[in-house]
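[1] compute the structure for the input listed below.
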Amino acid sequence: MKDFRSVADAVAEEIAAGRLKGGERLPPQREFARLHAIADSTAARVYQELGRRGLTVGQVGRGTFVTDAPGAPAPAPALSEPADSRIDLELNHPVVPEQAGLLAAGLEKLVRSDRLESVLRPVGPAGTPAAREAAADVLTRGRWRPDPERILFAGNGRQAISAAVAALTRPGARLGVEEFTYPVLKAVAARLGVTLVPLAMDGDGLIPEAVEEAHRAAPLHAVYVQPVLHNPLSLTMSARRLDHLADVLLTSGIHAIEDAVWAFLRDDVAPLASRAPERTVLVDSLSKRLSPGLSLGFAVAPAATAGQVAGALRSGGWTPMRFPLEAMAQWRADGAVDALVRAKQREAGARQEIAHRHLGDFRTRSDPLSYYRWWELPGPWRADTFVAAAARQGIAVTPAAAFTASRPRGPQAIRLGLASPTREVLSRALATLADLARSAPDDYAGE
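    Prediction:
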């Protein structure tokens, strides 16, 4: 079976070689699937990936066309995998110097022969009582501590999101999302046959009235929302906005999937789940808090939906291994979790200072505790041409189109992930991008 990335890479090579030219229309997806001997669903993922790379643009009622960028970007990875470029500003995994030492101490206790047998035993989505108590402590935020009995575990955060969507919707259902949303959520919805309904935002995040309006037009089954340090805009809802959204959920009967993966950086903000616990499934993960290689997802589900979420985790094959549960409990007990959270909060501030130093003259948006920066590019740059020019400089960035829930092209903006490179490499990359933005696109057409 062909992987959609390899097929996308082959099309990208055709574009780079000039055999597919700007403005040329690609065949309909079903015809493309037959030509390449792949499934229709794989063809859809290929077209989605080409659009994410800035190589193609979809036009409603007309089809998919090769962009007229002066040169194609290097083959780009999915947002859940490391980039091939020398400097990766797509994938965003915070790492701090003390990380390895703090985690190693806890692991040493787990791999002793008297404990290893127990930590390698299988476990279901409910985990163990000790793991649920430890997870409740890890997830505590803004004077809110989840009920340990409501906590379920997944292999990672993306699987927790998938299980929540599968539990609260069905094929053909309408899922409300912020107009800029997490790209993986878009892929999850497509795989489950769920229709995304873009909802308007302002400087305070998702607008509750937009939820009501969309629900009146045709019932929403659920809403997916990132209330704290929204990816990609880094917005955080005020307490008043969260209260208003909770009221809408309670009066309309809509469920919310609250993505709190980055919320540990703003642990003073109580979640939406504290305001509408019976209507909210909160999802979170361990990898951003601790280390990218530590995979464990959480779902805090109301009693009425916990069985559905647990069933989705089992049927999807998304239940966790026992080892990360035991490791999480050990790191919570010895203080490693708290120490790493504080260190990563400080590191976010330092990296935002670097970004401001290089990009302060441009129109950007972020938060002092965020690892993202949203950059509205100066004219005449377009997002696709800038992504391509950055790739030729060995820097991978993400176009706004990857996050749009409605417009296929999106605004002329990019998202920068500040976490993955070292500070020195990040500074050099941002200096290069700033110089690039001050130049004219035609200056890079021949490179």
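
[2] how many residues are close by Glu179?
    19 (other Cβ atoms under 10 Å). In this view, the C-beta of every residue, glycine as well, is placed from N, C-alpha and C.

[3] actually Ala440, not the one I wrote
    Residues near Ala440, counting by other Cβ under 10 Å: 9.

[4] isn't it right next to Pro378, touching?
    No: using Cβ atoms under 8 Å, Ala440 is not in contact with Pro378; the gap is 10.5 Å.

[5] quick one: the strands in the stretch 301-447 of the chain?
    363-365, 372-376, 395-396, 398-399, 413-417 (DSSP state E, counting those that start in this stretch).

[6] out of these, nearest to Lys186?
    strand 398-399 (13.1 Å; Cβ to Cβ).

[7] so what does that closest one touch, helix or strand wise?
    Counting by 3 or more Cβ pairs under 8 Å, 6 or more residues apart in numbering; DSSP states H and E, the packing neighbours recorded for strand 398-399 are helix 383-392, strand 413-417.

[8] ranking the ones you listed by mean pLDDT, which is last?
    For the helices and strands packed on strand 398-399, mean pLDDT drops lowest on helix 383-392, to a mean of 91.

[9] taking strand 372-376 as reference, get the angle to it.
    With axes from the mean of the first three to the mean of the last three Cα atoms, to 10 degrees applied, the angle from helix 383-392 to strand 372-376 works out at 120 degrees.

[10] quick check: buried residues in helix 383-392?
    383-391 (16 or more other Cβ atoms under 10 Å).

[11] how about stretch 325-340?
    325-332, 336-337, 339-340.

[12] ok, now how distant is the residue most central in space within the chain from Ala276?
    In the chain, the centroid-proximal residue (Cα atoms, centre = their mean) is Tyr182; its distance is 4.3 Å. Distance, Tyr182 to Ala276, using Cβ to Cβ, to the nearest Å: 21 Å.

[13] surely Glu258 is in contact with Ala222?
    No: counting by Cβ under 8 Å, Ala222 is not a contact partner of Glu258; they are 10.7 Å apart.

[14] what about Ala246, how many residues close to it?
    20.

[15] list the contacts for it?
    For Ala246, the contacting residues are 272, 275-276, 279, by Cβ atoms under 8 Å, 6 or more residues apart in numbering.

[16] equivalent analysis for Ala239, please.
    269-270.

[17] equivalent analysis for Ala256, please.
    222-225, 245, 249, 272, 276, 279-281.

[18] can I get the buried residues of helix 383-392 in CSV including distance to Arg351?
    Shown next, in CSV, are the buried residues of helix 383-392 (distance: Cβ to Cβ, whole Å):
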residue, distance to Arg351
Ala383, 22
Asp384, 26
Thr385, 26
Phe386, 21
Val387, 21
Ala388, 25
Ala389, 23
Ala390, 18
Ala391, 22
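
[19] now could you export just the CA positions of the helix or strand bottoming out on mean pLDDT in the chain as PDB?
    None of the helices or strands of the chain scores lower by mean pLDDT, DSSP states H and E than strand 56-59, at a mean of 75. Output of strand 56-59 as PDB, limited to C-alpha atoms (Å, rounded to 0.1, in the frame of the first residue of the first chain):
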ATOM      1  CA  THR A  56      -1.600  23.500  -4.700                       C
ATOM      2  CA  VAL A  57      -4.700  25.500  -4.000                       C
ATOM      3  CA  GLY A  58      -8.300  24.300  -4.100                       C
ATOM      4  CA  GLN A  59     -11.100  26.400  -5.700                       C
END
